[in-house]
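K.L.:
I would like to see how this sequence folds:
(one chain, ligands or ions: 2)
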Amino acid sequence: MILVTGGAGFIGANFVLDWLARNDEPVLNVDKLTYAGNLGNLSTLDGDARHLFVHADICDNEAMAALLAQHRPRAIVHFAAESHVDRSIHGPAEFIRTNVNGTFSLLEAARQYWGALGAADKAAFRFLHVSTDEVYGSLGPNDPPFTETTPYAPNSPYSASKAGSDHLVRAYHHTYGMPVLTTNCSNNYGPYHFPEKLIPLMITNALAGKALPVYGDGQQVRDWLYVGDHCAAIRRVLEAGRTGEVYNVGGWNEKANLDVVHTLCDLLDALSPRADGGSYRTQIAYVTDRPGHDRRYAIDARKIERELGWKPAETFETGLRKTVQWYLSHQEWVANIQSGAYLKWMESNYGQRLAQSALA
Ligand code: NAD
Ligand code: TYD
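P.N.:
Ligands and ions are numbered 1, 2, ... in the order given. Now for the predicted structure:
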């Protein structure tokens, strides 16, 4: 079996669902179920013996060691993290705890387990660390995209904590010879994306008749990748990646935020027109920028294509249409998430921003 951490979150749940749709190798899914973890994402696996869920914190080293000893996985795919930049600005401590200390705790448990394996299992074992392009910092408009050798320059508490975890993973290979793999991926979108992030927030706010809060001038650029393509890249790296190597994963899809929001509004106008016949674009509100906001991310994904033959299957147009259709047909999933805790976050992040934009 494989052990997945954070498999109740956005990418982890997509990964677990895709994995079990493709083969019968069981998944041990370890998740703390923070606000971002949702077992509803995995409800189609209810009663499926190939999926074993364990409610645990990766910071709990003893629990991680016990799980490894009991289930003896051949690989760990590590997604668990605090993942939202805005939340890291409001409260960085949890990001350091889970992303840095948690990864350390998991690495230590893995080192102990891996070190005691027989020679063949030891050679075959993999620790795949799922990371982000944000560790490379921000690009100027004419800079080439990030490669695997771009120096680290994280700018937010989120990206700094992910950078810290990447360095620990690297060190465990260099020092102990642990067979690790790291993927640094660009912004994902798709089903089960928590509606605090740009794309699902815009879709859900638009449908609820709420403002669409664009930070600053909306000209920040992200390189968007459909989540299913990210999962395929991770499977490929796990299968054939060279240990100790880093693979950048991206969609070759650079878009300015405002263009993304416009495209979403146009898709919604076509697929779920407003009752008053107006365009969702009229709901756009320019709000105070995010502090330290990175201007541009872009990934050079040639290494993973050259060495492992992976490239994205979805274009932005096909992936975004699928995503909007998924949200339109899963409004109950959205409603379930929009609990008291979610409303509190919306008020603390957007209350003042929107009040200021209304005054402007
Ligand atoms: P997410 O926030 O949707 O999910 C994170 C999951 O981790 C949740 O299920 C949560 O309950 C769990 N978790 C958090 N703290 C934990 C802890 N201490 N112990 C156990 N479980 C814990 O995040 P996501 O968007 O699915 O991202 C998954 C991974 O991919 C992260 O490591 C993130 O840095 C990375 N990544 C994300 C993106 C993106 O666009 N979302 C892009 C590149 C890389
Ligand atoms: P986000 O989805 O939070 O991902 P990240 O910050 O990790 O790239 O944000 C994507 C982009 O959208 C980013 O430039 C910030 C911007 N953004 C807004 O303009 N408004 C919003 O309400 C949110 C959540 C993000």
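
K.L.:
Spit out the contact partners of the residue in the stretch 1-150 of the chain that ligand 1 sits nearest to.
P.N.:
Residue of the stretch 1-150 of the chain nearest ligand 1, by CB to the nearest ligand atom: residue 9 (2.0 Å). Heads up, the C-betas are built off the backbone N, CA and C, glycines and all. Shown in contact with residue 9 (CB atoms under 8 Å, 6 or more residues apart in numbering): 31, 36-38, 41, 79-80, 83, 194.

K.L.:
Next step: those residues restricted to strands.
P.N.:
residue 31 (DSSP state E).

K.L.:
Which of the contacts of residue 9 sits closest to residue 239?
P.N.:
residue 79 (17.3 Å; CB to CB).

K.L.:
Can you get me a residue count around that closest one?
P.N.:
26 (other CB atoms under 10 Å).

K.L.:
measure it to residue 31 for me?
P.N.:
9 Å (CB to CB, to the nearest Å).

K.L.:
do the same with residue 93
P.N.:
With distances taken as CB to CB, residue 93 is found 20 Å from residue 31.

K.L.:
more neighbours, those two?
P.N.:
residue 31 (27 against 10).

K.L.:
Tell me who's in contact with that one.
P.N.:
Residue 31 makes contacts with 5-9, 12, 37, 53-56, 80, as judged by CB under 8 Å, 6+ apart.

K.L.:
Can you select the buried ones among the contacts of residue 9 for me in ChimeraX?
P.N.:
A single ChimeraX command selects the buried members of the contacts of residue 9 (16 or more other CB atoms under 10 Å):
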select :31,36,37,38,41,79,80,83,194
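
K.L.:
out of the contacts of residue 9, who's near ligand 1?
P.N.:
31, 36-37, 79-80, 83, 194 (CB under 6 Å from any ligand atom).

K.L.:
Those residues of the stretch 151-300 of the chain touching ligand 1, which are they?
P.N.:
Counting by CB under 6 Å from any ligand atom, the stretch 151-300 of the chain sits next to ligand 1 at 162, 185, 187-188, 194.

K.L.:
quick one: the helices in the stretch 101-250 of the chain?
P.N.:
103-115, 119-124, 157-176, 198-207, 227-240 (DSSP state H, counting those that start in this stretch).

K.L.:
mind listing what's buried in the first one?
P.N.:
So the one you mean is helix 103-115. 103-107, 109-111, 113-114.

K.L.:
What is the nearest of these to residue 262?
P.N.:
Nearest to residue 262 among those, with distances taken as CB to CB, is residue 103, at 37.4 Å.

K.L.:
Was I right to think that closest one contacts residue 78?
P.N.:
Yes - contact criterion CB atoms under 8 Å: residue 103 and residue 78 qualify, at 6.9 Å.

K.L.:
okay, now residue 258: neighbour count?
P.N.:
By other CB under 10 Å, the residues close to residue 258 number 16.

K.L.:
pLDDT score for it?
P.N.:
On pLDDT, residue 258 comes in at 98.

K.L.:
what about the most far-flung residue of the chain relative to its centre, which SS state?
P.N.:
Distance to the chain centre peaks in the chain at residue 276, reaching 35.7 Å (criterion: CA atoms, centre = their mean). Following DSSP: H, G, I helix; E, B strand; the rest coil, residue 276 is assigned to coil.

K.L.:
returning to that earlier point: closest to ligand 2 among the ones next to ligand 1 among the contacts of residue 9?
P.N.:
For those, the residue nearest ligand 2 by CB to the nearest ligand atom is residue 83; the value is 7.7 Å.

K.L.:
overlap in contacts of residue 79 and residue 31?
P.N.:
In contact with both residue 79 and residue 31: 5-7, 9, 12, using CB under 8 Å, 6+ apart.

K.L.:
Which of those are buried? Put it as a PyMOL command.
P.N.:
Those of those that count as buried under 16+ other CB under 10 Å are selected in PyMOL with:
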select buried, resi 5+6+7+9+12
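
K.L.:
Just the ones in strands from the shared contacts of residue 79 and residue 31, please.
P.N.:
Per DSSP E, strands hold the following members of those: residue 5.

K.L.:
The shared contacts of residue 79 and residue 31 into CSV, with extra columns for pLDDT?
P.N.:
Shown next, in CSV, are the shared contacts of residue 79 and residue 31 (pLDDT from 0 to 100):
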residue, pLDDT
5, 99
6, 98
7, 98
9, 98
12, 99
